[in-house]
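# For reference, the sequence and a predicted model appear below.
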Amino acid sequence: MMTPLEFDQKHLWHPYTNVEKPGPTFVVKSAEGVWLTLDDGTKVIDAMSSWWCMLHGHKHPKITKAIHDQLDVMPHVMFGGLTHDPAIELGKKLLEITPSTMQRIFYCDSGSVAVEVAMKMAVQYQHALGFEGRSKFATVRSGYHGDTWKAMSVCDPDTGMHHLFQGALAVEHFIDRPPITIDETWNEEPSANGLSELRAIFEAHGKEIAAFILEPVVQGTGGMYFYHPEYLNQARALCDEFGILLIFDEIATGFGRLGKMFATDFCAIEPDIMCLGKALTGGHISFATTMTNDRVAQTIGNGSPGIFMHGPTFMANPLACVAAKASLDLLAEGDWQSQTANIAAQLQTELAPARELPGVADVRIIGAIGVIEMKHTVSADQAHGMVKENGVYLRPFGKNIYSMPPFVSSPDEVSKIASAMIKLAKVL
Ligand SMILES: *Cc1c(COP(=O)(O)O)cnc(C)c1O
């Protein structure tokens, strides 16, 4: 007889793992609030918010109740030719909180699909205007937009999967990540602020570029880098000058994580298309959405063939819609603002000593995100080895030891996370 873990290691593929050498894996029996309970009864804090989704903590009673209630009414129905209250009520809620020009909502299953949809919208928009040649994309380095085919083509070409899938992957236009960080003073000199490089790529290739896609203010999986929002204001103007759409991938940054509802709220401008995912349902069930303005939607609608060419089987799944609505209702109560501000202040103080450690390159905090960037690549497996003794689940990647704690984490829980991060920074 195999143990459950032995079965898992023999048969189940995990994200970005070697099937033959899967590395340490924990069996989670249950999860509540910020705590995961493992099969041996050990409780550990989920300092990752389960990949940045679980804003209000695991198994939130309001979200699980919404899903339970909907389960008894209608777990699913196709969205082709049919609609339902959960989709409509969620739509109303999304319009209330997203940037005002975001008026058209496309529901989909996961973040990567939301990015695929956004990129297809951009190509169809250009096509509708008669610009058939505009099917490429511009983006910045150290970005991450998902694992599906087209999303992968705009992920960082060095840390992403470009080498492996070379030849099969469309070649897009990359420029350096915005050079001025959010903590630095903005520099109007285009050669210093990255905008001259953006202009140069638009001048050279603008006629083949459908859209400029990037993660606003905070780059997540590609490097945990925080840059100046003025870059986005000026990029907007350049996009307009060259007829290029602006896509914000807010899948990681949306729903209060940065201390504002959206990263776009740091800017004076709005994108043409915006992708939301991850924390949309408070992390309880897979869901995402691509939103756009009237101009893009109408242009596609008035072009040929008019219809937008996408429609997932589980589009607008009612269980996901009610979970998302319940999560947005929780956000509307407003506690997230003080919660993220308190977490930020506490991480500032408690991660500061890491700056003195020899292996540490940088420590940075924005909203409920704390990052210790090391001078070298760190081992997630080695970090896993310390999970039980530290009582904190952390999963570093690249050079970054980071946490995005659930907003409901108490000061004591945030302290445990901060000291576990510092401990890792000392040994990894
Ligand atoms: C996680 C992420 C995605 C992909 O979302 P999935 O739900 O994993 O497909 C896309 N963009 C950004 C910025 C992300 O952080």
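That came through fine.

# what sits up against the helix or strand bottoming out on mean pLDDT in the chain?
Between all helices and strands in the chain, the lowest mean by mean pLDDT, DSSP states H and E belongs to helix 380-384, at a mean of 91. Helix 380-384 is contacted by residues 23-24, 26, 394-397, 401, 424, 427-428 when judged by C-beta atoms under 8 Å, 6 or more residues apart in numbering. From N, CA and C alone the C-beta is placed, and that goes for glycine too.

# Which of those residues fall in strands?
I401 (DSSP state E).

# Just the buried subset of the contacts of helix 380-384, please.
26, 394, 396-397, 401, 424, 428 (16 or more other C-beta atoms under 10 Å).

# will you turn those residues into CSV that also has pLDDT and distance to the ligand?
Formatted as CSV, the buried ones among the contacts of helix 380-384 follow (pLDDT from 0 to 100; distance: C-beta to the nearest ligand atom, whole Å):
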residue, pLDDT, distance to the ligand
F26, 96, 21
L394, 97, 17
P396, 95, 16
F397, 92, 12
I401, 98, 18
L424, 97, 22
L428, 88, 23
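
# got JSON lines for those, with distance to T148 too?
Putting these into JSON lines (distance: C-beta to C-beta, whole Å) gives the following:
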{"residue": "F26", "distance to T148": "28"}
{"residue": "L394", "distance to T148": "27"}
{"residue": "P396", "distance to T148": "25"}
{"residue": "F397", "distance to T148": "19"}
{"residue": "I401", "distance to T148": "28"}
{"residue": "L424", "distance to T148": "31"}
{"residue": "L428", "distance to T148": "31"}
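
# Just give the nearest non-adjacent residue to P190, would you?
Leaving out its chain neighbours, the residue that sits closest to P190 by C-beta to C-beta, 6 or more residues apart in numbering is S196, at 3.8 Å.

# repeat for H228
Leaving aside its sequence neighbours, H228 sits nearest to I180 (C-beta to C-beta, 6+ apart; 4.3 Å).

# Number of residues surrounding that neighbour?
16 (other C-beta atoms under 10 Å).

# quick revisit: state whether the residue nearest to P190 is indeed within a helix.
Yes. Secondary structure of S196 (DSSP: H, G, I helix; E, B strand; the rest coil): part of a helix.

# pLDDT score for it?
pLDDT for S196: 98.

# Please report how far it lies from F202.
11 Å (C-beta to C-beta, to the nearest Å).

# Could you check which of the two is surrounded by more residues?
F202 (22 against 12).

# OK, contacts around the more buried one?
F202 neighbours (C-beta under 8 Å, 6+ apart): 138, 209, 238-239, 241-242, 244.

# Now the buried members of the residues you listed.
138, 209, 238-239, 242, 244.

# Quick check, A151 in contact with V117.
No. Judged on C-beta atoms under 8 Å, A151 makes no contact with V117 at a distance of 10.2 Å.

# Near the ligand, which residues of the stretch 1-150 of the chain? Just list them.
110-112, 115, 144-146 (C-beta under 6 Å from any ligand atom).

# what do you get for the stretch 201-350 of the chain?
Proximity of the stretch 201-350 of the chain to the ligand (C-beta under 6 Å from any ligand atom) is limited to residues 215, 220-221, 249, 251-252, 277-278.

# out of these, who's nearest G130?
Closest to G130 out of those is D249 (27.1 Å), distances taken as C-beta to C-beta.

# what sits opposite that closest one in the beta ladder?
C275 (DSSP bridges).

# For it, give me its contacts.
115, 118, 143, 145, 213-216, 275.

# Filter those residues down to the ones in strands?
Per DSSP E, the contacts of D249 map to strands at 213-214, 275.

# Now flag whichever of the residues you listed is closest to D158.
Nearest to D158 among these, with distances taken as C-beta to C-beta, is L214, at 16.4 Å.

# any idea how far the closest one lies from L198?
Where L198 is concerned, L214 sits at a distance of 10 Å (C-beta to C-beta).

# any shared contact partners between the two?
A235.

# Now S409. Nearest residue, chain neighbours left out?
Counting by C-beta to C-beta, 6+ apart, the residue nearest S409 is V34, at 5.2 Å.

# Same check on Y225?
Q219 (4.6 Å).

# Quick check, the one you found in contact with R177.
Yes. In this structure, Q219 is within contact of R177 by C-beta under 8 Å, at 6.6 Å.

# Please identify which of those two sits among more neighbours.
Q219 (24 against 20).

# quick one, what contacts G220?
Counting by C-beta under 8 Å, 6+ apart, G220 has contacts 52, 144, 252-253.

# Who wins on neighbours among the residues you listed?
Neighbour-wise, these (other C-beta under 10 Å) top out at T253, 30 neighbours.

# Confirm that it sits in a strand.
No. Per three-state DSSP, T253 lies outside any strand segment and is coil.

# What is the nearest of the buried ones among the contacts of F202 to the ligand?
The ligand lies nearest to A138 out of these, by C-beta to the nearest ligand atom, at 16.5 Å.

# Okay, and that closest one sits in which element?
A138 belongs to strand 136-140 when elements are defined using DSSP states H and E.

# what does that strand contact?
Contacts of strand 136-140 (C-beta under 8 Å, 6+ apart): 119, 122, 145, 153-154, 170, 172-178, 198, 201-202, 205, 208-214, 219, 244.

# hmm, which of these are the buried ones?
By 16+ other C-beta under 10 Å, those give 119, 122, 145, 153-154, 172-175, 177-178, 198, 201-202, 205, 209-214, 219, 244 as buried.

# Helices - which of the buried ones among the contacts of helix 380-384 land there?
Among the buried ones among the contacts of helix 380-384, DSSP state H puts L424 in helices.

# Closest to Q298 out of the buried ones among the contacts of helix 380-384?
Using C-beta to C-beta, these come closest to Q298 at F397, 40.7 Å.

# so what's the closest one closest to, chain neighbours aside?
A380 (6.5 Å).

# Just the buried residues of the helix or strand harbouring Y125, please?
Using DSSP H and E, Y125 sits within helix 111-128. For helix 111-128, the neighbour count (16+ other C-beta under 10 Å) marks 111-128 as buried.

# and the angle for it with strand 136-140?
130 degrees (axes from the mean of the first three to the mean of the last three C-alpha atoms, to 10 degrees).
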